[in-house]
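# Sequence and predicted structure below; questions after.
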Amino acid sequence: MNLKTVIISAGLVACASGASAFNWQPVVTRPNPSQDVTQAWQAESIIFYCNDPAEVTATDVMPVWIDEDGNEIKAVSGQQNPNGWDTHEFSYDFDFSAFRSNGEYILSFPEGVLVTPDGDKSAPVQIPYSFDIPELAAAMFDDFRILSLSPDLNEPQGIWDEQEIRINTNHNDAIGLTMLTVKDLTDNETILISSNFATGRTPGNSSEIAWTIGGVARKFYQEHDYQAEIVFYNGKDQRGENGEMTPVVARAYYNFTGKVEGYRYSQAELLSVTPEPGVFTITKPEEAVFVYTFSQPVTVYKAETPLGSAGITVYPDNCLSSNDDKTVWTLDLSTNPFMLSQDASVIINIYARDLDGSQLRGNSGSETNACYQFGWTCELGAVSLQVTTPPEGETLDELTFVTVKSADGKAMEWSWSGEAYIVNILNERIGTLVYESSSDRAEVEVTFTTWRTPDGVEEPIHLVDEGSYAVVFDHGCFIQGQQYDARVSHSLISQFQISGALAGPGPNPSEQETFLYTESSIADGATVEELSEFYLIFPEEVALAAYYADVVNASDSEPAGKADLELDMEDWNRINVKLQTPLKESGTYKVVIPARTIGTPAFCESDAKQGICNPEIILTFMVDPAQGGTAQIAAESNETIHDISGRHVAAPADKLPKGIYIIGEKKVIVR
């Protein structure tokens, strides 16, 4: 019985005897379904799906590759839902240096790789594969030996700065390319890949193999373990006829520790940054204020913006301040000259120590110790735009072109890095402006006469339907200047209206505003202890053209707040009305839903040309903390009423005390 048979049989026994194990079949997308692994990445990273059962969660149990000799290579990390959209997808990574030879392999999923919400574990599953990876090809020489190696990778290493590598083997004349890879096993990170191929060494040259590793200095820290892999290739050609790597002469592996004293890291963490990086756009100087919240008191001793090859801008100490306990730090760049000049993405690194002097562990690597954040889009130094057609706030009968210029009157050209488009009042894009210039020369005014519809059709701009619209320009649509003097354009939203005079007669409002609710969870005129939310039921599916209602005092019509209107995701005939600030003080209040706010889908999707909508809806409620709690419930007289225990209630629907009731087939809460 061979290895494969033994493993599969053992898996079947475990599955049968484990009462808590469920049978499943992984749908493996990597390695490919042919089950022939011919590339390194297929073995290093596996991806599979578990579609049945529907709900499972990954555990700490890792999949394992098993070679012909029974050696196990366990995954070093795993992730459920790696792409953020499918919880049925799982990925696992392996250390490729652990694979030493080609041949037959088993991809083994031990019992308990996955678990259901009920605690049932996945049964073991094994899938056979065949490895034929060029990097794992058999060595050319059985007697290959490394005679000398400098530095000695069996010893702890310190700092490599312009480090010279010298290797002497008993088959130097067969080696044309030598590749050195160093991994930080503690951080599971490859920190160095270097080779001697560029030195011009050719096959047949039996001299010592030597090259210098340049670039940044590399530190090997005391707390870290490292592995060096040296691969010797024959090197007659860098690649074979089919693109495969040249034959491997031999491999060698070395494990060593670091000897550079590492940082004494703090346990403090950066919890949050406000505004959130990557989301917020800085359009005004006063918005260039960043708040950093930490898990414990710290001292932020430096803040900077890296500028790539151009260097670093370090912000003055007076830009930084903290609260009394030093857990919240503020970086105020509202008057900083560098920040005020920016017109692109701004990245900020901050450096912090706790009150014991221990450095916070950075999230950009231990070399810098910076608490790196993704950037904010900054428009403080950007070119301001002005739409001349259609004029801001004006009402037109029709729109056939859009013209824009810079506020400073200087010429600009299309950058091809942003989009310009027109949206309706619901912020739905109705057309993307198409740049039509036949030359790349800068223009004082840029005119668009064509747009691309949501269906992808390019056609002349023609907008005559009544409504409110806006022209939107993304950040960086235009550019002024050349190379280092270049400035990009500000984002812009310019609103306008179309009268509808050329669109022909529209629906008669008196015929359209007929959409009325049939039921309210709190009846109009009810007395309640507190008014925070209620819902309205309509006779058919509803949609929203706006999302807010007004709340006023009934006595003087003075504003008392706002209410949010929300579609109910479980009942498409229902609108939830939620007061932004609950009403708790005694008084009589009106919730006013403006006309043409709620309608049928046809009304909202056709910009009010079809379907029906609501007239103005006004519901009056009395708030009385002392006498409330007997809210009247709108219910048909023939509906039966039961309490939550199923007992029949004889009281009329509008006189029920506090509690939960079943009226007809619906659950109703009387507050």
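That came through, no problem.
# now the helices for this protein?
Under the criterion DSSP state H, the chain contains helices at 3-17, 40-44, 337-340, 509-512, 601-605.
# Flag whichever of the ones you listed has the least confidence on average.
Ranked by mean pLDDT, the helices of the chain bottom out at helix 3-17, which scores a mean of 34.
# so how far is Glu458 from Tyr435?
According to Cβ to Cβ, to the nearest Å, Tyr435 and Glu458 sit 12 Å apart. To be clear about C-beta, it is placed using only N, CA and C from the backbone, and glycine gets the same treatment.
# Counting neighbours, go ahead and name the busier of these two.
Ranked by neighbour count (other Cβ atoms under 10 Å), Tyr435 and Glu458 place Tyr435 first, with 16 against 12.
# Contacts only, for that one.
The contact partners of Tyr435, by Cβ atoms under 8 Å, 6 or more residues apart in numbering, come to 414, 416, 446, 448.
# Is the third one bridged to anything, and to what?
With beta bridges defined as DSSP bridges, Val446 has these partners: Val404.
# so how far is Thr388 from it?
The gap separating Val446 from Thr388 is 10 Å, by Cβ to Cβ.
# more crowded one of these two?
Taking other Cβ under 10 Å, Val446 and Thr388 do not tie; Val446 has more neighbours (23 against 13).
# thinking the more buried one is in contact with Lys405, fair?
Yes: judged on Cβ atoms under 8 Å, Val446 makes contact with Lys405 at a distance of 7.2 Å.
# Overlap in contacts, these two.
With Cβ under 8 Å, 6+ apart, Val446 and Lys405 have common neighbours Met412.
# sorry, back to before: what residues are shared contacts of Val446 and Thr388?
403-405.
# which of these has the most neighbours?
The most crowded member of these is Val404, carrying 23 neighbours; neighbours defined as other Cβ under 10 Å.
# In this structure that residue contacts Ser384, no?
No: checked against Cβ under 8 Å, the pair Val404 and Ser384 is beyond contact range at 10.9 Å.
# Find the residues that touch each one of these two.
Shared contacts of Val404 and Ser384 (Cβ under 8 Å, 6+ apart): Leu492.
# rewinding a little: nearest to Gly561, of the shared contacts of Val446 and Thr388?
Val404 (39.2 Å; Cβ to Cβ).
# okay, that closest one: pLDDT?
Looking at Val404, its pLDDT reads 95.
# residues contacting it?
Contacts for Val404 (Cβ under 8 Å, 6+ apart) come out as 385-388, 420, 445-446, 448, 471, 473, 478, 492.
# again, only using 7 Å
Contact partners of Val404, counting by Cβ atoms under 7 Å, 6 or more residues apart in numbering, are 385-388, 446, 473.
# who's in contact with stretch 222-231?
In contact with stretch 222-231 (Cβ under 7 Å, 6+ apart) are residues 97, 153, 178-187, 220, 248, 251-262.
# let's see it at 8 Å
With Cβ under 8 Å, 6+ apart as the criterion, stretch 222-231 contacts 97, 135, 146, 153, 157, 167, 178-187, 220, 248, 250-262.
# what does stretch 149-158 give?
Contacts of stretch 149-158 (Cβ under 8 Å, 6+ apart): 163-168, 219-220, 226, 228, 254, 256-260.
# Report the distance from it to the chain centre.
In this view, stretch 149-158 has its centroid 42 Å away from the chain centroid, taken as Cα atoms, centre = their mean, to the nearest Å.
# repeat for stretch 136-150
Counting by Cα atoms, centre = their mean, stretch 136-150 comes out at 46 Å from the chain centroid.
# quick one: average confidence on that stretch?
pLDDT averaged over stretch 136-150 gives 85.
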